[in-house]
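Engineer: how would this look folded up:
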Amino acid sequence: MFTRNQLIKLLAPLIVEQILTVLVGMADVVMVAAVGEAAVSGVSLVDSISVLIIQIMGAMATGGAVVCSQYLGKRQVRSAGTAAGQLVLVTLTISAGVTIVALAGNRHLLAAIFGHVDAEVMDNAQTYFWITAMSYPFIGLYNACAALFRSMGNSKVSMFTSLIMNGINIAGNAICVFGLKMGVAGVAYPTLVSRMTAAILILVLVQNRHNEVRISGMKALRPHPKMIRTILSVGIPGGLENGMFQFGKIFLQSLVSSLGTASIASYAVACNLVTLLYLPGNALGLGLITIVGQCVGAEKPKEAMHYTKLLLGVNYLILAVVSTAMFLGTDQVIRLYNLSPEAASISHVLLQAHCAAMIFWPVAFTLPNALRAALDARFTMMASVFSMWVFRIGFAYLFVNVFSLGVPGVWYGMFIDWVFRAGVFLARFKGFEKRAVSVR
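Structural biologist: Model (predicted):
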């Protein structure tokens, strides 16, 4: 169904977009590091919550993208347009509700989740949380519209919009942090402004009448219960999976926060750097949603399996280069963050162990997107949630509290989680052709 040029046209912009997102995230941490370790730690705590919220909204976007892709595979363009409007409606409703809760709870939520942390860290976290919470509806809208463009096989639009958003963000950070000396707020306000700009821009673009799938004004947002249920049939399991995954990471963040500021900072920097390793798989996984969705919609599951194997192979080739480079250059990249000797030493151990363990990651996290695109989201949710809470969290607490391994113990629990997921999803994929289901 897809030529080589079509695959490149879809996947190349996704990889560029992921690179932009990761590099800007790294730049945020580097810039706020100039304010001090307490600022890095405060931003890290809030980011773990923000990622949770964005991942849940991202699951809704994935649900909409799967449905739109399958309808396009069936050549039912009108149904795809209806799904597009309902996706935006669902995303805005959820994200607005989350923003209200975040603004009302603020410091109380942070204290309830992370417990006792240094007062300076909490003050920075409170400031950053208050400002960035207002951006949730905008990043939710951006993600929903970007998913619609990807379902059409047009990822250039989201790439260029992301370029504008991240350009505003990084320029604003430089001005507010180094020029205006605004501290943590100097990182938060550019995030808000850049997400607002991107959301408005991509919403205008998705209404273009030349699009195969488009939002045709406010009438497209009128509730369509049947279509909403179809989207949520993928979005809710995905949202629960992502939500439980991020809740688990927050539990682990809370565990790390009990080990002191140096441990928090080293963990934050390591988490920030390893996102470089994830970006090829994340981009290819987004592409799989469109590719597999259209193949399944066209009732061609064998082609879906072929493209899944092909993209997994590409993922491993890219990882071999990137992981080796990071393993060899660990000390050089850690120096960018101005960490204390203790924190830098911990980060070194975390990064090198992570690079070696990445051999399991593509099968554990990229492959499940093919299952989701075939409406097998419930299985991926159950397997992922079980693995997260039993293996990643269970072993992390064991390694940290019983064996006193410190922050590396959290990493080792994560690797065990990856191995289990990889085995389960490989086994499930073998029966893909029989289990693939298309929307009705």
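Engineer: quick one: buried residues of the helix or strand bottoming out on mean pLDDT in the chain?
Structural biologist: The helix or strand of the chain with the lowest confidence, counting by mean pLDDT, DSSP states H and E, is helix 4-33 at a mean of 81. Across helix 4-33, burial judged by 16 or more other Cβ atoms under 10 Å covers 7, 10-11, 13-22, 24-33. Every C-beta, even on glycine, is put in place using the N, C-alpha and C of the backbone.
Engineer: next one: stretch 244-254
Structural biologist: Met244, Phe245, Gln246, Phe247, Gly248, Lys249, Ile250, Phe251, Leu252, Gln253.
Engineer: Residue nearest the middle of the chain, spatially speaking?
Structural biologist: Gln55 (5.4 Å; Cα atoms, centre = their mean).
Engineer: Please state the backbone phi and psi of that one?
Structural biologist: phi -70, psi -40 (degrees, to the nearest 10).
Engineer: Can you check the pLDDT for it?
Structural biologist: For Gln55, the pLDDT comes out at 82.
Engineer: If we ignore the residues flanking it in sequence, what's nearest it?
Structural biologist: Asn242 (3.8 Å; Cβ to Cβ, 6 or more residues apart in numbering).
Engineer: Could you list which residues are in contact with that neighbour?
Structural biologist: Leu52, Gln55, Ile56, Gly58, Ala59 (Cβ atoms under 8 Å, 6 or more residues apart in numbering).
Engineer: gap between the host helix or strand of Glu342 and the chain center?
Structural biologist: In this structure, Glu342 is located in helix 341-357 according to DSSP states H and E. Offset of helix 341-357 from its chain centre (Cα atoms, centre = their mean, to the nearest Å): 22 Å.
Engineer: before we move on, what about stretch 123-139?
Structural biologist: 17 Å.
Engineer: Tell me where the stretch 1-150 of the chain has helices.
Structural biologist: 4-33, 37-73, 77-114, 119-133, 136-151 (DSSP state H, counting those that start in this stretch).
Engineer: Make TSV out of those and add distance to Met305.
Structural biologist: Putting the helices of the stretch 1-150 of the chain into TSV (distance: least, Cβ to Cβ, whole Å) gives the following:
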stretch	distance to Met305
helix 4-33	15
helix 37-73	15
helix 77-114	24
helix 119-133	40
helix 136-151	20
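Engineer: Out of the ones you listed, which gets nearest to Arg372?
Structural biologist: helix 37-73 (6.4 Å; Cβ to Cβ).
Engineer: Now do the buried residues in that closest one.
Structural biologist: By 16+ other Cβ under 10 Å, the buried positions in helix 37-73 come out as 37-73.
Engineer: and the gap between the nearest residue to Val101 once chain neighbours are set aside and Leu72?
Structural biologist: Residue nearest to Val101 in three dimensions, not counting chain neighbours: Leu109, with 7.9 Å by Cβ to Cβ, 6+ apart. In this view, Leu109 and Leu72 are 40 Å apart by Cβ to Cβ, to the nearest Å.
Engineer: right, and the helix or strand after the strand or helix carrying Met244?
Structural biologist: In this assignment (DSSP H and E), Met244 forms part of helix 225-257. Using DSSP H and E, the helix or strand that follows helix 225-257 in sequence is helix 261-297.
Engineer: residues of that next one that come out buried?
Structural biologist: Here helix 261-297 shows 261-274, 276-297 as buried, counting by 16+ other Cβ under 10 Å.
Engineer: Give me the neighbour count for Tyr397.
Structural biologist: Residues lying near Tyr397 (other Cβ atoms under 10 Å) number 16.
Engineer: From Val117, how far off is it?
Structural biologist: In terms of Cβ to Cβ, Tyr397 sits 19 Å off from Val117.
Engineer: same deal with Ser48?
Structural biologist: Distance, Ser48 to Val117, using Cβ to Cβ: 13 Å.
Engineer: Count the neighbours of the residue nearest to Val101 for me.
Structural biologist: 17.
Engineer: Quickly, which of the helices of the stretch 1-150 of the chain bottoms out on average pLDDT?
Structural biologist: Among these, helix 4-33 scores lowest, with a mean of 81.
Engineer: Can you work out which other helices and strands pack against that one?
Structural biologist: Counting contacts by 3 or more Cβ pairs under 8 Å, 6 or more residues apart in numbering; DSSP states H and E, helix 4-33 packs against helix 37-73, helix 156-173, helix 185-205, helix 261-297.
Engineer: quick one, which of those is nearest to Thr127?
Structural biologist: Using Cβ to Cβ, these put helix 185-205 closest to Thr127, at 5.6 Å.
Engineer: Give me the angle between that closest one and helix 119-133.
Structural biologist: 20 degrees (axes from the mean of the first three to the mean of the last three Cα atoms, to 10 degrees).
Engineer: Quick one: closest of the helices of the stretch 1-150 of the chain to Arg335.
Structural biologist: Short answer: helix 4-33, nearest of the helices of the stretch 1-150 of the chain by Cβ to Cβ, at 10.7 Å.
Engineer: Pretty sure Val439 sits against Thr230.
Structural biologist: Yes - checked against Cβ atoms under 8 Å, the pair Val439 and Thr230 is within contact range at 6.0 Å.
Engineer: which phi and psi does Arg209 have?
Structural biologist: phi -70, psi -10.
Engineer: One more: Ser387?
Structural biologist: phi -60, psi -40.
Engineer: neighbours around it, how many?
Structural biologist: For Ser387, using other Cβ under 10 Å, the count is 24.
Engineer: what's it in contact with, if anything?
Structural biologist: By Cβ under 8 Å, 6+ apart, the contact list for Ser387 reads Asp417, Phe420, Arg421, Val424.
Engineer: Which one of the residues you listed is nearest to Ala383?
Structural biologist: Val424 (4.8 Å).
Engineer: now the helix or strand hosting that closest one, how far from the centre of its chain.
Structural biologist: Using DSSP H and E, Val424 falls within helix 407-429. Distance, stretch centre to chain centre, for helix 407-429: 18 Å (Cα atoms, centre = their mean).
Engineer: and the angle from that helix to helix 225-257?
Structural biologist: Computed by the same axes, to 10 degrees, the angle between helix 407-429 and helix 225-257 is 150 degrees.
Engineer: Which residues belonging to the next helix or strand after helix 407-429 are considered buried?
Structural biologist: With elements assigned by DSSP H and E, the helix or strand that comes after helix 407-429 is helix 432-435. By 16+ other Cβ under 10 Å, the buried positions in helix 432-435 come out as Phe432.
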